[in-house]
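Trainee: Prediction below, plus the sequence it came from.
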Amino acid sequence: MLNKLRFLSTVTLVGISGILGSTAGFASDPPPAEEVGASVSIRMYQVEGTLPADDPNSPQWAAVPESEFNLAPQVHWPERIQEVTVQSVKVKGLHDGQNLAILVEYEDPTDDPKDAAAIEFMVGDKKAHFAHGQPMLQVEGGPVNIWFWKKETGKALDMSAKGFKTLSTQEKQDVSATGAWAGGSWKVVFTRALKTEDEQDVQIEPGEWRSVAFAFWDGALVSGVAKEKGSQKAVSSWWSIRAEPSADNSIFGWVIFGLALAAGFELVVVRKLRKGQSA
Amino acid sequence: MRGPITSGAILLAGVFVFLKFILPLFTAPLPASLIYLYMTLAFSGIMLYGTMSASSLESLMGPVFRFLSGEGQSGTGKLARLAVLVLFPLLVGWQTYTSLAPSDLPPGENRTIHPAPPGEFVGLANPYQNNEANINMGKGLYAAYCSPCHGANYDGKGPAAKGFNPPPANFADPGTIAQLQESYLFWRIKKGGVGLPVEAMPWKSAMPRWEVELPDEFIWKIIMGEYDGAHQSPRTWEEDD
């Protein structure tokens, strides 16, 4: 009888330790909450069917949740600018498993030939400084990939940089963009394959976060010169972006397995206990 | 009279309250993972103590086993046993789900705001006299170079501030320059955001590397202007002792 009791208490002890171990999740510190009133990330949602990749005004965009980021004048390096036209940007993203489309929407009262918009990504595992991946003193940085749309050409350039004065147009152009101005705001949609063969490009793996930043130029002419050009632009800091992964149903198989295992454990323990007590 | 189960539960609750609420009164709060570890140790200790002899084993585990076996139970006891038997597998299933489900949150930000400066910037003294002329010159330079982000009122609310993450430092807050030495500010202004160590996430900082554009003299005077304008004074070596 005593041996049986010892055996059962060992089983129970192991069981309870298992429960405690499995509930360690309860004891974890809470994950950081998203800031109220300002976005920290962009989710590119997966669509079935066609992507509104060349139409900023496609009704498909209406249902997509948007993120909004504040912008600041570029003051990090000369030539600086103290005031900029574009104060914030609304961003939406979609993908179809093969290609992605990112829509940026921002207020700019006039449609000017020198207007421009850019999206910047970190490339690879090393962190890159948001100012064109300029070198950092204590940390080895990586390069950036910049998608640069100009109203004047109506096209996007696929570019790379790692530090000031290193911005260059890539040999292999993988990005396209379409802009539409109406009622005091620009809508520009950028599109590219999620993954490319070019190692200078950001590679988007569904489910994985990437770092993204934005820049906008108001090309309105003031005494014959564009108000914002080159380093004089509105910029954002780094934020997070990802292509949402498709649902993984194998998780539910494991959940059912876990449930069955726990129920089986209970059954064995209760049966043993009943036998022990009637013995 | 209390049974060993009640005593054990009270002891566990006491350990938890001590670790979670009483200890942080004297030192930094413990991380949840450490509290969990101590709780596991306390629980193991209680179980070891309770299973040392046949009689203590019976008084500790007997009620548990009788409860679980369901012999001779009725009413509330029966319901409670059923609830435990149903909830345990559900809990395991839920835990399986949460541990396997891919995280939906963007990467967390544990950025160190005031990281340790490089050795050559520790303990430098401001070579310029703290007089009105120098302070005024510093304030003028501050207005030209620093105020667009850090604000004309030294409060971190300049016109360029709202777009940046991390936000520009608020010098009027007693948690910023009042906690730092002049040599620390000299480092941060001279080397800028790109001079930060990895724990401070230099890739996010818009702070310019002013050594490229301003002579040291300007930087030291800007520091004087900042402290005076923000109504703060630098932390000194004497206070550290």
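Mentor: Ah, there it is.

Trainee: C-alpha only now, for contacts and for neighbours.
Mentor: Fine.

Trainee: Could you tell me whether A:Glu120 really is in a strand?
Mentor: Yes - residue state for A:Glu120 (DSSP: H, G, I helix; E, B strand; the rest coil) corresponds to a strand.

Trainee: okay, now it: neighbour count?
Mentor: 25 (other CA atoms under 10 Å in any protein chain shown).

Trainee: before we move on, what about the one 5 residues further on?
Mentor: A count of nearby residues for A:Asp125, using other CA under 10 Å, gives 10.

Trainee: One more: B:Ala152?
Mentor: The number of residues packed near B:Ala152 is 19, by other CA under 10 Å.

Trainee: Find the helix or strand that it is a member of.
Mentor: Per DSSP states H and E: B:Ala152 is located in neither a helix nor a strand.

Trainee: got the phi/psi numbers for it?
Mentor: phi -60, psi -20 (degrees, to the nearest 10).

Trainee: Would you mind listing what in the stretch 51-200 of chain A touches chain B?
Mentor: A:69-73, A:75-77, A:82-83, A:127-131, A:133, A:135-139 (CA under 8 Å from any CA of the partner chain).

Trainee: PyMOL command to pick out the buried ones of these?
Mentor: Of these, the buried ones go into a single PyMOL selection, burial set by 16 or more other CA atoms under 10 Å in any protein chain shown:
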select buried, chain A and resi 69+70+71+72+73+75+76+77+83+127+128+129+130+131+133+135+136+137+139
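
Trainee: show me the contacts for residue 169.
Mentor: Using chain A here. Residues in contact with A:Thr169 (CA atoms under 8 Å, 6 or more residues apart in numbering or on different chains) are A:157-160.

Trainee: Sorry, I should have been clearer: chain B.
Mentor: B:Ala169 is in contact with B:150, B:155-156, B:176, counting by CA under 8 Å, 6+ apart.

Trainee: for chain B, which spans come out with low pLDDT?
Mentor: Within chain B, the stretches with pLDDT under 70 are B:1-2, B:237-241.

Trainee: tell me the domain boundaries of it?
Mentor: Annotated domains of chain B cover B:4-100, B:119-240 [automatic domain parsing].

Trainee: and among these, the most buried is which?
Mentor: Sort those by mean neighbour count, taking mean count of other CA atoms under 10 Å in any protein chain shown, and domain B:119-240 sits at the top with a mean of 19.

Trainee: what's the spacing between that domain and its chain's center?
Mentor: With CA atoms, centre = their mean, to the nearest Å as the basis, domain B:119-240 stands 24 Å off its chain's centre.

Trainee: Repeat that for stretch A:62-75.
Mentor: With CA atoms, centre = their mean, you get 13 Å for stretch A:62-75.

Trainee: measure it end to end?
Mentor: 34 Å (CA to CA, to the nearest Å).

Trainee: and if you look at stretch B:103-121?
Mentor: 41 Å.

Trainee: Buried residues of it, list them for me.
Mentor: Residues of stretch B:103-121 classed as buried: B:106-107, B:117, B:121 (neighbour count, 16+ other CA under 10 Å).

Trainee: Now flag whichever of these is closest to chain A.
Mentor: B:Pro106 (6.3 Å; CA to the nearest CA).

Trainee: A:His129 should be in a strand, yeah?
Mentor: No - using three-state DSSP, the assignment for A:His129 is coil, not a strand.

Trainee: for the residue nearest to it when sequence neighbours are not counted, helix, strand, or coil?
Mentor: Sequence neighbours aside, B:Trp203 is the residue nearest to A:His129 in space, at 3.7 Å (criterion: CA to CA, 6 or more residues apart in numbering or on different chains). At B:Trp203 the chain is in helix, as set by three-state DSSP.

Trainee: Relative to B:Lys162, how far out is B:Trp203?
Mentor: 18 Å.

Trainee: residues in contact with the closest residue to chain B within the stretch 51-200 of chain A?
Mentor: Going by CA to the nearest CA, chain B is nearest to A:His129 of the stretch 51-200 of chain A, at 3.7 Å. By CA under 8 Å, 6+ apart, A:His129 lies in contact with A:135-136, A:141-142, B:194, B:202-205.

Trainee: How about B:Ala206?
Mentor: A:75-76, A:131, B:164, B:193.

Trainee: got any ranges where the stretch 151-279 of chain A has weak pLDDT?
Mentor: Using pLDDT under 70, the stretch 151-279 of chain A drops low at A:277-279.

Trainee: can stretch A:248-263 be found next to chain B?
Mentor: Yes - Stretch A:248-263 comes into contact with chain B (CA under 8 Å from any CA), by way of A:251-252, A:254-256, A:258-263.

Trainee: Mind checking which of those are in strands?
Mentor: Counted as lying in strands by DSSP state E, out of the residues of stretch A:248-263 next to chain B, is not a single one.

Trainee: Would you mind checking those for buried ones?
Mentor: A:251, A:255-256, A:258-260, A:262-263.

Trainee: which among those residues gets closest to B:Ala144?
Mentor: Checking those against B:Ala144 by CA to CA gives A:Ile251 as the nearest, at 57.7 Å.

Trainee: Tell me which residue lies nearest the centroid of chain A.
Mentor: For chain A, the residue nearest the mean C-alpha position is A:Ile241 (0.7 Å; CA atoms, centre = their mean).

Trainee: And the residue of chain B that's closest to chain A?
Mentor: For chain B, CA to the nearest CA, closest residue to chain A: B:Trp203, 3.7 Å.

Trainee: Report the beta-bridge partners for the nearest residue to A:Pro65 once chain neighbours are set aside.
Mentor: Excluding the flanking residues, the one nearest A:Pro65 by CA to CA, 6+ apart is A:Lys92, at 6.5 Å. According to DSSP bridges, the partner residues bridging A:Lys92 are A:Leu103.

Trainee: ok, longest helix in chain B?
Mentor: Assignment by DSSP state H gives helix B:76-100 as the longest helix of chain B.

Trainee: Show me what that one is packed up against.
Mentor: Packing partners of helix B:76-100 (3 or more CA pairs under 8 Å, 6 or more residues apart in numbering or on different chains; DSSP states H and E): helix A:2-22, helix A:250-278, helix B:54-69.

Trainee: Sounds good, over and out.
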